[in-house]
Structures are given as structure tokens and as C-alpha cells.
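Undergrad: this one's sequence-less:
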Ligand SMILES: [Ca+2]
């Protein structure tokens, strides 16, 4: 009887190396599964992002570098245009880089569009309505030569007027122009 027990113990001992190998395999499989899981999460994030972008595009927005832009079909005063944008979770567009400026003037195609640049009071400095800091030096190259001229001391809002890098003009905020709203892309879901 006792001999039998010893035999069993010896058998079990003999199985230990194999068990250890299995354990090693299991943990390497586990690591692989975790890697696959994180791949899947990344893919589903990408799909969600594509879906978000497609949804906005189907509603008439353009996508460019993490932002959506809405080019209006109707003309409004600067203030009404901004109100419209805000009702669509957006603001009249800021222009923070040369590539953004290029995107906007090309899309505008030579038509007049309000952008989100206005003055703090008639004597104040220019500022972006979406709180993007206004870089006066970097932005100087975007004005049409000779602008802003504050014609009649009544031009406190800016619009894209020409299809070129130098495309901004200051105009009376009461003019009715087309306008461009901008909304940053924000990831939806967890
Ligand atoms: Ca002007």
C-alpha cells in the first residue's frame, strides 16, 4: 500500500516539468491575447472616429486636420453668423496656421465669407471669437495688401475676400456675407 503511494508521488513529481512548460505556454498565450485585445480596441476607436467624421460630412461639414468646417449657403451679418455657428456647437472660424488659411481660401473659391475675427470695441485689438490667441505678426501675411483699412472707421469684422493667401479684409459687421463655422473634432465614446 505504502509503495503504491510512493509510486504515485513519483509520478506526480515527474509531471512537474511538463506542467511548468504548460504554464509557460499559457502565460505567453495570455500575453498574445492581451496584445490582440488592445489591437481590437484601437481598431474600434478608428472605426468610431471614421463614423463620427462620416456623420458630420453627411451633414454638410468639411473635415480638415482635426476640425470640421461649415461653409454656409446663406448670407448673414457677422453677429448673426456667429449666433448660427453657436447653435451648431461651433464658432465662426479662426485661422491658426498657413495650412488652415490655405484650406479656407481655396474652399471659399473667391466668394466673401465671414471668419471669426473681430475687434474688441471700435478701437480695440483684433481677436478670435473662439478664444484662439490672435498672433498679429504671424497673421499679417493673411491680410490683403492695404487691409485692414477700417474704411469709414466702421470696419470691425474680418472676412475672406479673395482666393489667395492674402485674402482677409476688414468690413462693416453689418454686411451680410456667407460665413464659415468651425468645430473641433472631439472623440466620442469612452
Ligand atoms: Ca477694409
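TA: Arrived safely. All of these numbers come straight from a predicted model, not from anything done at the bench.
Undergrad: how many residues are close by residue 158?
TA: Residue 158: 28 surrounding residues under other C-beta atoms under 10 Å. Any C-beta I mention is one placed from the backbone N, CA and C, and that applies to glycine too.
Undergrad: should've said residue 34
TA: Neighbour count of residue 34, defined by other C-beta under 10 Å: 10.
Undergrad: helix or strand for it, which one?
TA: Per DSSP states H and E, residue 34 falls inside helix 2-58.
Undergrad: after that helix, next one along is what?
TA: With elements assigned by DSSP H and E, the helix or strand that comes after helix 2-58 is strand 62-64.
Undergrad: neighbouring strands - and their directions - for that following strand?
TA: Applying DSSP bridges to the sheet, strand 62-64 is found paired with strand 67-71 (antiparallel).
Undergrad: mean confidence for the helix holding residue 34?
TA: Taken as a whole, helix 2-58 carries a mean pLDDT of 92.
Undergrad: write out the residues of the protein neighbouring the ion.
TA: Counting by C-beta under 5 Å from the ion, the residues of the chain close to the ion are 147, 149, 151, 155, 169-170.
Undergrad: again, 8 Å this time
TA: 147-151, 155, 169-171 (C-beta under 8 Å from the ion).
Undergrad: out of these, which end up buried?
TA: Buried residues within the residues of the chain next to the ion, counting neighbours by 16 or more other C-beta atoms under 10 Å: 147-148, 155, 169-171.
Undergrad: what is the nearest of those to residue 40?
TA: residue 169 (50.9 Å; C-beta to C-beta).
Undergrad: which SSE is the closest one in?
TA: Per DSSP H and E: residue 169 is located in strand 168-171.
Undergrad: elements contacting that strand?
TA: Other helices and strands packing on strand 168-171, by 3 or more C-beta pairs under 8 Å, 6 or more residues apart in numbering; DSSP states H and E, are strand 157-160.
Undergrad: parallel or antiparallel, list what pairs with the strand it packs on.
TA: Strand 157-160 pairs in its sheet with strand 113-119 (antiparallel), strand 168-171 (antiparallel), by DSSP bridges.
Undergrad: contact partners of the first one?
TA: Residues outside strand 113-119 that contact it (C-beta atoms under 8 Å, 6 or more residues apart in numbering): 71-72, 76, 78, 81-82, 91-95, 104, 125-130, 134, 156-160, 168, 173, 177-180, 182.
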